[in-house]
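**Student:** Quick one: sequence and predicted model below, then my questions.
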Amino acid sequence: MSVIYLLIPLSLIFAGGFLWAFIWAVRSGQYDDTCTPSMRVVLDEAPVKKSKTNSTSTTETTDK
Amino acid sequence: MSTATHYTDPPIPTAPHGTVGGSGVVHACHHCGLSCPEECFHQEEKSFCCQGCLTVFELLTANGLENFYELGAASGLKFSRPKPAEKYSYLDDSAVRNSFVQFTDESITRVNFRVPEIYCIACVWLLENLGRINDAISTAQVNFPRKEVSIQFNNDQIKLSEVVALLTSVGYPPELKLSDLAGGKATPISKRLWLQVGVAGFAFSNIMLFSLPGYFGLDQFSGPTFNLLFGWFSLVLVLPVLIYSAQDYWRAAWSGVRQRRLAIEVPVSLGLAALFLRSAQEVVSGNGPGYFDSLTGLVFFLLIGRVFQQQTYDSLSFDRDYKSFFPLAVTRLERLGDRDSKNDELRSEATGMSSFQERKVSISQVNIGDCLIVRNGELIPADARLISGPAFVDYSFVTGESVPVDKVPGDHLYAGGRQIGAAIEMEILKRVDQSYLTSLWSQDAFKKDKTESINTLINRFSQWFTLTVISIAALAAGWWLIQGAATTALVAFASVMIVACPCALALVTPFTLGTALRILGKERVFLKNTGVIENMSQIDTVVFDKTGTLTSSGAGSIVFVGELLSENEERWLFSMTRHSIHPYAVQIGESISRTRQIFPDPVRSFLETAGKGMEGSVAGREIWMGSAAWLAARNTTNCPSTSDSDTHENSAATGSEVHVAIDGVYRGAFVIKGSLRPEAENMLTHLAGEKELVLLSGDNSREEKLFSELLGDRAQLRFFQTPLDKLEFVASRQKAGRKVMMVGDGLNDAGALRQSDVGLAVVEETGAFSPASDGIMSSDQVCRLDRIVGFSKSSIRVIKIGFGISAAYNIMGIAVATTGLLSPIFCAILMPISSITVVVFSTAAVSWCGRRLRRTDVPPVTDAETAQPMSDVARGPLQSASGIRERNGDRQDACPTLEVSS
């Protein structure tokens, strides 16, 4: 039974990891708009020039 | 959102610019979907209504964005001319710039704009592909529910002002309000709610794991050490839940206590506190596991309920901007020169007039620099500079000061004033601020003293309710204490507190009435606030104005009886009518200008007397237009006496008359056959069954017989009513204890609209916005008035049923909870479920009632039936008479089955 002393902290750490992931997701704005991404999926990606560097395409909400 | 048909395959050959299109077929603009004027632009076999739409089309095709038109038919937005980026150069000023920009460094800048014109998936697509029009824009991301676009651009290559100009040029002008941006960051709140849910959920699930052995009696085997350990773990886990996740409840309860008001959060907070103290004491003393599972569960489910509420509210408030569809139109002067200068020059030579055309546009389309015409009684929509005409502006809506102010050309005019006298021209200096105009609506001066609204009732009820709950909980706890069961006492106390939370009660009204307001807005009935729905449900008397309300302007026909008018004289009369927004003046003006293009002459010393007529001098001639009695009172020569005018009856031209005198000599009269709005008969019959109907008309009593048949025997009909008579009549009915609804055009019955319990202003395409009214309804909705009143009644019924449901939950819950049998965990689940049930119920029930409102049980009316002159109904078919020129109204004024595009 004493394995529980190990397992419980482990499970808490795991769950804490998920909590952290959730907090990160909320903070990074993934819960801000749950509607538009569903529309975006339907739109065709246009087969034209996209010479942009992809580095700028992530949008993180960093307030100035 | 236009309901115009989109012609996928336009049957027009490519024609040179400015070719007059074939009459009869109306082409829809390929870009914005509005019907094109007779002279329109053609390109690639597509028609465009204006240069602006054509420009956007060219811009999009040149950048490979034609897809836009495939996503939504004719989904573009109408706008006038693209404006140069210099117009926005103030945005490049560093102070201004910083207030808009979210993030910036040497190369990259990100801004967030609210773009109210985002309506559909095509808008999303176009905006997110902005980068293909201009390389400097790296990403553009739309938040559809918020109608926001976040744009990231390279600030070496493009300036902020150019980004805004680009947005505007494709038809999506962003809202540029500094104040809005400063305080408008609502994001943290919803983010915080998610985080609170996350923390509560984390703690709840883990504590549940610790508690599971206890549920199944396994703790006997695991021994006291484990139980103690689990207890302490739970105690640690519950702290962030109480401190972080439940903070809103503590705060609301505390502020309620400080204001000596029993907020609905008080019982919940007390319950939480009781549970926590009891559980902590158990754990610390080593007596048991406590109720941490219930505690965290309660907070978790409460917050889930909040998220659900928030989401419902957000999806409702997606249309909260219903006021941006405010049915206000203004008359814009547009230069024709851009397209066919040759024709223009010819025309200018021929008429000696500058080549401008007037066009009615929605106020949301008005841009800075536009030239608008504001007629007698119309509202100045935005700050402007007076260009022509001495203005006489009544600012009573803004300042309460009723003495009008004189203004000369060049003067600054503030939004919200009302022009009195001749039409003025002005140049718009600021963007039209819809919210400012609507705020005029909700001004104190127009507030009505209402005895008891449902909200005050609820507030009082919930105070009483909270007090009762606390007493019951205390009594139950006391009872168990006397019995010597201290544990049960605390459990019972907490359970009652939790299960009886009147949250559901507080949710019913806002959700029901909010949904109802939104549904009515979609039906183009715009109410000032939710209180109007409540008042409307109590109405027992309906007072109608006749002209422009029951009868429609436009669908009838206009006949001039008397000497034939020369072309010059027609032009003078036309010039006069341009200054008034009275339905008759508008109709006469339309009928004169329908036959040929007429450019108005300037009118001097214009004066309009409400309910009587208008006077002014054009080209040195004194022109009077108005009722026969009014002309007679001014000693017009050859003026027919009022009784004499009945002789017109045998000339078959019966209807309302507008008599004309030029230089004091009587010339004849325009006879306007008002036609009853289609389906109005149906509506009146329905209403007559339940309500007292009254007709107040400023017109003659010719149509009395017809209306007494329509409105039923009990109805009162009053003719020759002045605006003051109408007001006094409404007041007298109210004194007699009746709840009066007034339906009028808001022109000469503004006083009556204000006096009545519910004043609805009926607007045709151009709206004379009267802040005195409680609601504005599109004229084609008049024929549904009975259903709208019925809808308001069912909304109130939904609220009452919602109350019933939530009360039933509470009473049952309390009954069980006092016995101490209801475990706190069960209460924790039951409580949020009751809230959710009530929200779902009220929203769904009202939407269902709304669907009934929309359903038409009559087949759609055809045009032939629509243009049904009233005199025909009353006196048989029209005979033609010599010396009468007849101009038939050909405007479509049917009551269409509403297409509400979602």
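**Tutor:** Structure's in. What do you need?
**Student:** Please count neighbours and contacts with C-alpha atoms only from this point.
**Tutor:** OK.
**Student:** Can you name the residues of chain B that neighbour chain A?
**Tutor:** B:102-104, B:121, B:124-125, B:132, B:138-139, B:142-145, B:187, B:190-191, B:194-195, B:198-199, B:202, B:206 (CA under 8 Å from any CA of the partner chain).
**Student:** got the contact list for B:C827?
**Tutor:** Contacts for B:C827 (CA atoms under 8 Å, 6 or more residues apart in numbering or on different chains) come out as B:L298, B:S495, B:I498, B:V499, B:G813.
**Student:** does B:V559 sit in a helix, a strand or a coil?
**Tutor:** strand (DSSP: H, G, I helix; E, B strand; the rest coil).
**Student:** So what sits opposite it in the bridge?
**Tutor:** Applying DSSP bridges to B:V559 gives these bridge partners: B:V671, B:E886.
**Student:** Tell me, how many residues neighbour it?
**Tutor:** B:V559: 22 surrounding residues under other CA atoms under 10 Å in any protein chain shown.
**Student:** if I look at it, how far off is B:H412?
**Tutor:** Here the distance between B:V559 and B:H412 works out to 41 Å (CA to CA, to the nearest Å).
**Student:** Then B:V124?
**Tutor:** B:V124 is 38 Å from B:H412, by CA to CA.
**Student:** and if you look at B:S835?
**Tutor:** Applying CA to CA to B:S835 and B:H412 gives a distance of 53 Å.
**Student:** out of the two, which sits in the busier spot?
**Tutor:** B:S835 (27 against 17).
**Student:** quick one: the more buried one and B:L303 touch, right?
**Tutor:** No. B:S835 is beyond contact range of B:L303, at 11.4 Å (criterion: CA atoms under 8 Å).
**Student:** Break down chain A into its helices, ranges please.
**Tutor:** Remark: helices assigned in chain A by DSSP state H are A:3-27, A:36-42.
**Student:** Please see if the shortest one touches chain B.
**Tutor:** Yes. For a cut-off given as CA under 8 Å from any CA, helix A:36-42 has contacts with chain B, namely A:T36, A:M39, A:R40.
**Student:** how about the residues you listed in CSV, adding pLDDT and neighbour count?
**Tutor:** What follows is the residues of helix A:36-42 next to chain B, written out as CSV (pLDDT from 0 to 100; neighbours: other CA atoms under 10 Å in any protein chain shown):
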residue, pLDDT, neighbour count
A:T36, 78, 16
A:M39, 77, 15
A:R40, 77, 16
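**Student:** I'd like the mean pLDDT over the helix or strand B:V299 falls within, please.
**Tutor:** Element membership of B:V299 [criterion: DSSP states H and E] is helix B:292-317. For helix B:292-317, mean pLDDT is 76.
**Student:** residues contacting B:M208?
**Tutor:** So B:M208 contacts B:D293 (CA under 8 Å, 6+ apart).
**Student:** And it, how close does it get to B:V238?
**Tutor:** 12 Å.
**Student:** what do you get for B:F292?
**Tutor:** For B:F292, the distance to B:V238 (CA to CA) stands at 7 Å.
**Student:** So between those two, which is more surrounded?
**Tutor:** Taking other CA under 10 Å, B:F292 and B:V238 do not tie; B:F292 has more neighbours (27 against 24).
**Student:** quick one: contacts for the more buried one?
**Tutor:** B:I207, B:S234, B:L235, B:V238, B:L275, B:F276, B:S279.
**Student:** Most neighbours among those residues, please name it.
**Tutor:** B:S234 (28 neighbours).
**Student:** what pLDDT does that one get?
**Tutor:** So B:S234 comes in at 90 (pLDDT).
**Student:** same question, B:A828
**Tutor:** For B:A828, the predicted pLDDT is 71.
**Student:** Please apply the same query to B:V238.
**Tutor:** pLDDT, B:V238: 93.
**Student:** Which is the succeeding secondary structure element to the helix or strand containing it?
**Tutor:** Here B:V238 sits within helix B:219-240, counting by DSSP H and E. Proceeding N to C from helix B:219-240, the next assigned helix or strand is helix B:247-258, under DSSP H and E.
**Student:** buried stuff in that following helix?
**Tutor:** Neighbour counts over helix B:247-258 (16 or more other CA atoms under 10 Å in any protein chain shown) mark B:Y249, B:W250, B:A252, B:A253, B:W254, B:S255, B:G256 as buried.
**Student:** can you put those residues in CSV and add pLDDT?
**Tutor:** Compiled in CSV, those are given as follows (pLDDT from 0 to 100):
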residue, pLDDT
B:Y249, 86
B:W250, 90
B:A252, 84
B:A253, 85
B:W254, 88
B:S255, 86
B:G256, 80
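**Student:** Closest to B:L695 out of those residues?
**Tutor:** B:G256 (49.9 Å; CA to CA).
**Student:** Out of the helices of chain A, which gets the lowest mean score?
**Tutor:** Taking the mean pLDDT of those, helix A:36-42 comes last: a mean of 77.
**Student:** what are the ranges of the strands in the stretch 751-900 of chain B?
**Tutor:** B:758-763, B:775-778, B:885-888 (DSSP state E, counting those that start in this stretch).
**Student:** looking at those, which is buried most?
**Tutor:** strand B:758-763 (a mean of 28; mean count of other CA atoms under 10 Å in any protein chain shown).
**Student:** ok, back up a step: any of the contacts of B:C827 buried? List them.
**Tutor:** B:L298, B:S495, B:I498, B:V499, B:G813.
**Student:** Leaving out the residues flanking it, which one is nearest to the last one?
**Tutor:** Yep, that's B:G813 we're talking about. Closest residue to B:G813 apart from its sequence neighbours, by CA to CA, 6 or more residues apart in numbering or on different chains: B:V499 at 5.8 Å.
**Student:** hang on, the earlier thing: quick one: which of the helices of chain A is nearest B:S245?
**Tutor:** Closest among the helices of chain A, using CA to CA: helix A:3-27, at 13.2 Å.
**Student:** Is any residue of that closest one near chain B?
**Tutor:** Yes. Contact of helix A:3-27 with chain B (CA under 8 Å from any CA) involves A:L12, A:A15, A:G16, A:L19, A:F22, A:I23, A:V26, A:R27.
**Student:** What are the buried residues along that helix?
**Tutor:** Per 16+ other CA under 10 Å, helix A:3-27 contains these buried residues: A:I8, A:A15, A:L19, A:F22, A:I23, A:V26, A:R27.
**Student:** who touches that helix?
**Tutor:** A:Y31, A:D32, B:K191, B:W194, B:L195, B:G198, B:V199, B:F202, B:N206.
**Student:** For the stretch 551-700 of chain B, which segments count as strands?
**Tutor:** Using DSSP E, counting those that start in this stretch, strands in the stretch 551-700 of chain B cover B:551-562, B:603-609, B:613-618, B:621-626, B:656-662, B:665-676, B:692-696.
**Student:** For those strands, could you give me TSV that also reports mean pLDDT?
**Tutor:** Shown next, in TSV, are the strands of the stretch 551-700 of chain B (pLDDT from 0 to 100):
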stretch	mean pLDDT
strand B:551-562	67
strand B:603-609	78
strand B:613-618	84
strand B:621-626	85
strand B:656-662	81
strand B:665-676	77
strand B:692-696	86
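**Student:** In CSV, list the ones you listed along with distance to B:N227.
**Tutor:** Output for the strands of the stretch 551-700 of chain B, formatted as CSV (distance: least, CA to CA, whole Å):
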stretch, distance to B:N227
strand B:551-562, 80
strand B:603-609, 89
strand B:613-618, 91
strand B:621-626, 94
strand B:656-662, 91
strand B:665-676, 82
strand B:692-696, 74
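**Student:** Nice, that's everything, thank you.
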